[in-house]
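In: Return a 3D structure for these sequence lines:
(3 chains)
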Amino acid sequence: MPELPEVEVTRRQIASLLENRVIADVITTKPSYFFLTPPSTLKRELPGRRCERLERRGKYLIAHLDDGRRLLLHLGMTGQLFGSGVASVRLLSSTGGGTLAPEQQQRAFAPDQHTHLRLRFADSGREVLFRDTRKFGKVELLLADQASERLDKLGIDALQVTGTLLHQATRARATAIKNVLLDQSVIAGVGNIYADEALFLAQVRPKRAAKKVTLQEHERLAAAIVAVLTRSIETGGSSISDYVRPDGSDGGYQDERRVYGRANEPCLACGSAIKRIVIGQRSTCYCPACQR
DNA sequence: AGACTAACCTGAAAGC
DNA sequence: TGCTTTCAGGTTAGTC
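Out: Just a heads-up that it's a prediction; the model follows:
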């Protein structure tokens, strides 16, 4: 679900709830795929710790604790962070709820069976809740000096990418350019939506062999990636299936999509029908006329 | 090393 | 109505 913009919007909304607060209590669901660190360990180790800073790297959130340890959070496909007291969540049944009044679209957020982690704070009485229906998300507590393979292999943050860097990364790669954009060890933060959107803006076909993409095209791609992600953060991210911001409101970028999820609809630039193909098991949309 | 696949899990929507 | 299939914004382990 969440790519860099959704994770960054989440970070900005959750940071003030988390930072400089002491964790008093931890509530979890039972052990699962979701917990890289067992729930019992989290319950034992987190209470009493103060969170100093909430950082984002690619699609990861990192809560820095006062004893030097770090709590790693990844939202996977369906993960959401909420703050209680200010949080609400859109009713799951209200698909395309644009016709409903805001108070009908949202209700106070109550923890359910998909709410796998709850951090309660001593001083504010509030809590941060991590909900994840499909459990593709991850929670991991890293020791003070523990290296993280997951973090260490991340490439440059997508907001910092440059054409030169992309050009070097694709030099020896025969795979489709879109696969490289999705490779978190090259660029951290781009996912399926923004890969398609950036390729459209740069007028590059997603299936082009990466090593055949020119430096000039890579420059256009890098600029398009930064532009698309920046604009999406400004609008609050994309609320397409079930992403909502931590305060329960929808993002706005889904209304600015040019290709993603628009198969068979007219290209906004030239009117041609947007085409849908599959690359690397991921749905891919592009304009066959605009993108070469 | 790079490319490709299957797998992790749940629910909504589409198809019959 | 109800059952089955398809599809999702991500990552990783395993194979060639």
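
In: Apart from its neighbours in sequence, what residue is nearest A:Arg53?
Out: A:His64 (4.5 Å; C-beta to C-beta, 6 or more residues apart in numbering). The C-beta positions use only the backbone N, C-alpha and C, and glycine is treated the same way.

In: tally of neighbours for that neighbour?
Out: 17 (other C-beta atoms under 10 Å).

In: after the one helix or strand it maps to comes which helix or strand?
Out: Element membership for A:His64, per DSSP states H and E: strand A:60-65. For strand A:60-65, the succeeding helix or strand toward the C-terminus, using DSSP H and E, is strand A:70-74.

In: what pairs with that next one, and is each one parallel or antiparallel?
Out: strand A:60-65 (antiparallel), strand A:138-142 (antiparallel) (DSSP bridges).

In: And DNA strand C, is it touching that?
Out: Yes: against DNA strand C, strand A:70-74 shows contacts by C-beta under 7 Å from any atom of the strand at A:His74.

In: what is the mean pLDDT for that strand?
Out: In this model, strand A:70-74 has an average pLDDT of 98.

In: That strand and DNA strand B in contact?
Out: No: with C-beta under 7 Å from any atom of the strand as the criterion, DNA strand B is not reached by strand A:70-74; the gap is at least 11.8 Å.

In: which helices and strands does the host helix or strand of A:Ser16 pack with?
Out: Assigned by DSSP H and E, A:Ser16 belongs to helix A:4-18. With contacts taken as 3 or more C-beta pairs under 8 Å, 6 or more residues apart in numbering; DSSP states H and E, helix A:4-18 sits against strand A:50-57, strand A:60-65, strand A:79-83, strand A:127-132, helix A:215-235.

In: what pLDDT, on average, does that helix get?
Out: 96.

In: can I assume A:Ala263 is in contact with A:Cys285?
Out: Yes: using C-beta atoms under 8 Å, A:Ala263 is in contact with A:Cys285, at 5.5 Å.

In: Of those two, which one has the most company?
Out: Per other C-beta under 10 Å, whichever of A:Ala263 and A:Cys285 has more neighbours is A:Cys285, with 24 against 15.
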